[in-house]
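predicted model and sequence below, questions to follow.
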Amino acid sequence: MRNSQILHNKQNIRDFYTYVRQRYFYRYLPESVYFYTFHKCASTLFSNYVLKNISGLYNVDYANQIYTGRRRVGKKLIFKEKGYIYGPIRISANDGVPESRMLIAPTTEHDFIEDKVALFFVRDPRDILVSSYYSFGSTHGFSCVPEIREMQQKRREEIQKKTLDEFALSAVDRQIELFKKLHNLSNVCKRGIILKYEDMVDNFDIFSERLRRYVAIEDDVIRELYCRSRPKQIEDKSSHRRSGQVQGFRTKLKTVTIENLNMRLEDTLALFGYER
């Protein structure tokens, strides 16, 4: 059997399962959940594994569907009240890309999130800046969607003209705005919780307890999450997941750059409990 036939059959099975689930068991399904985060915040780990293994909730990754061309650009997205976990919703998507117009814009409206259940996953913005430089400037794959790929290529060319420190200083203001936006969303959301990448790495028991506050996850999934989230001992600049170390920025950026970032990020770091 050809791979295309296998994929088609799997999709038919999933569609049938979804139909039965919604048609006959809708009233018993848990309320849908929304997972908000940033790029370079272990979002791929949650996309590929965690969100697909939430008990009772079916993961819909609209961002991936748009990125891979499986979702027609411009088509309105549907969000069901029960039975789904939507995400990752990376609010750091560039304003001009289809993901931003189709997914980020509607789901970051305060009226939308106010009555929803949501998880907000953050990471030290200084580590995000470092990871973004290596990823978007070198290792991150390009989309097959022409509009997205063109923007990615342009962004990569711009990043490659800068040193790591130059990039961090040029991109920090956008990080400040993104963290402010996520914090405002978390305040508007009446049933939401902020989760931190650093807790996942260094305080996993606390992290898993907070993660399970609004979603049900089996113990074996939690154990696998622990294993998959361990940082690499040796940095791999050629990999999509370069390191994963907490506060890796302290060894990657110049002291004067860190001091500059700390000054500009002062309110953001305090808001999310990060040390200077």
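Looks like it arrived, so ask away.

where does residue 120 fall, phi/psi-wise?
phi -120, psi 120 (degrees, to the nearest 10).

name the helices or strands packed onto the helix or strand hosting residue 259?
Under the criterion of DSSP states H and E, residue 259 resides in helix 255-264. Here helix 255-264 is seen to pack against helix 125-134, helix 164-188 when contacts are counted using 3 or more CB pairs under 8 Å, 6 or more residues apart in numbering; DSSP states H and E. In short, each C-beta sits where N, CA and C put it, glycine included.

what about the shortest one, distance to the chain center?
A distance of 14 Å separates the centroid of the chain from that of helix 125-134, by CA atoms, centre = their mean, to the nearest Å.

other SSEs contacting that helix?
Using 3+ CB pairs under 8 Å, 6+ apart, helix 125-134 is in contact with helix 164-188, helix 249-252, helix 255-264.

can you list the ones you listed in TSV and add distance to residue 110, mean neighbour count and mean pLDDT?
Formatted as TSV, these follow (distance: least, CB to CB, whole Å; neighbours: other CB atoms under 10 Å; pLDDT from 0 to 100):
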stretch	distance to residue 110	mean neighbour count	mean pLDDT
helix 164-188	5	17	97
helix 249-252	32	16	95
helix 255-264	26	14	98
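
my guess is residue 268 contacts residue 173, does it?
No - counting by CB atoms under 8 Å, residue 268 stays clear of residue 173, with 10.7 Å between them.

so what's in contact with these two at the same time?
Between them, residue 268 and residue 173 share no contacting residue under CB atoms under 8 Å, 6 or more residues apart in numbering.

sketch out the low-pLDDT regions of the chain for me.
1-26, 234-243 (pLDDT under 70).

any idea where the strands of it begin and end?
33-37, 58-60, 84-90, 117-122, 191-196 (DSSP state E).

for residue 167, find the nearest of those strands.
Comparison of those against residue 167 by CB to CB identifies strand 84-90 as nearest, at 18.9 Å.
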